[in-house]
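1. predicted model and sequence follow; I will ask about them next.
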Amino acid sequence: MGLSTRPSNPAILAARTVLLGVRDDLTSQWTQWVTHRMDGVSGVVGSTLERQFGLLVDIFIEVAGPLRRQGAELWFNASDAYGRLAAIRGLAAGEVVEEIQHLRELLIRHLSEPVFSMSARQSMAVFLRLNRIVDKCISHAVVGYTDELVETLLDKRGVPVTAAEPAEVVISKRLEQLEDELARLKIEHPG
């Protein structure tokens with residue numbers, strides 16, 4: 001017996017509606033902040049980062065709503081991939097956390113007015129839930145980052161491994177897989 005879609009409370013659905021409306025702004029602002037910090041350091045094109053951030057925002061919106069259980073594994077996989085791709089981009093572990101923390105900051109900026117117009121109990125519930133989602137992203141991203149770093153640096157005999165494909169190709173392939181998974185989730189559980 002499969003899991004059914006569990007209805008979310010009205011406050012969470014209201015926050016999700018706001019997120020759907022500001023999706024492009026969230027993605028754009030997050031991308032601009034990261035690319036400004038990178039300033040040409042990474043071999044990854046800005047459009048690829050924007051694609052990755054847009055995908056993360058899209059998945060976030062789904063797991064913030066009634067598909068939190070169905071989308072949890074996809075969120076964990078996308079977060080892990082974010083960490084792995086951050087290692088490929090040459091980031092330090094703290095930078096991975098900082099980039100995701102910026103998403104939290106953007107969420108607070110975009111949701112503060114509509115959420116704080118709710119009752120104190122509802123607004124607290126919304127922010128706690130959204131923070132849990134971001135915290136899970138950070139945890140899985142750090143694990144993915146560490147795994148990628150270890151796999152890249154050493155093989156079983158302690159010999160450094162070189163990447164077989166350019167970072168842009170590796171990242172694009174993984175993003176395509178995750179985008180397909182999100183599309184399947186939306187088809188299987190129309191909201």
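-> Thanks, I have it.

2. between its first and last residues, how far does stretch 32-52 reach?
-> Separation of the first and last residues of stretch 32-52 by Cα to Cα, to the nearest Å is 13 Å.

3. please identify the buried residues of that stretch?
-> Of the residues in stretch 32-52, those buried by neighbour count under the rule 16 or more other Cβ atoms under 10 Å are 33-35, 38, 42, 44, 48-52. Heads up, the C-betas are built off the backbone N, CA and C, glycines and all.

4. point out the least confident one among the residues you listed.
-> Least confident by pLDDT among these: that is Ser42, with 56.

5. where's Arg109, which helix or strand?
-> helix 93-116 (DSSP states H and E).

6. list the buried residues for that helix?
-> Using 16+ other Cβ under 10 Å as the test for burial, helix 93-116 gives 95-97, 99-100, 102-104, 106-107, 110-111, 114-115.

7. what sits against the residue lying closest to Ser28 once chain neighbours are set aside?
-> Ranked by Cβ to Cβ, 6 or more residues apart in numbering and with sequence neighbours excluded, the top spatial neighbour of Ser28 is Glu50, at 7.4 Å. Contacts here follow Cβ atoms under 8 Å, 6 or more residues apart in numbering; on that basis Glu50 touches 27-28, 31.

8. pLDDT score assigned to Val134?
-> With respect to pLDDT, Val134 scores 96.

9. can you name the helix or strand that it falls in?
-> With DSSP H and E as the criterion, Val134 is inside helix 120-153.

10. next, the buried residues of that helix.
-> 122-123, 125-127, 129-130, 133-134, 137-142, 144-145, 148-149.
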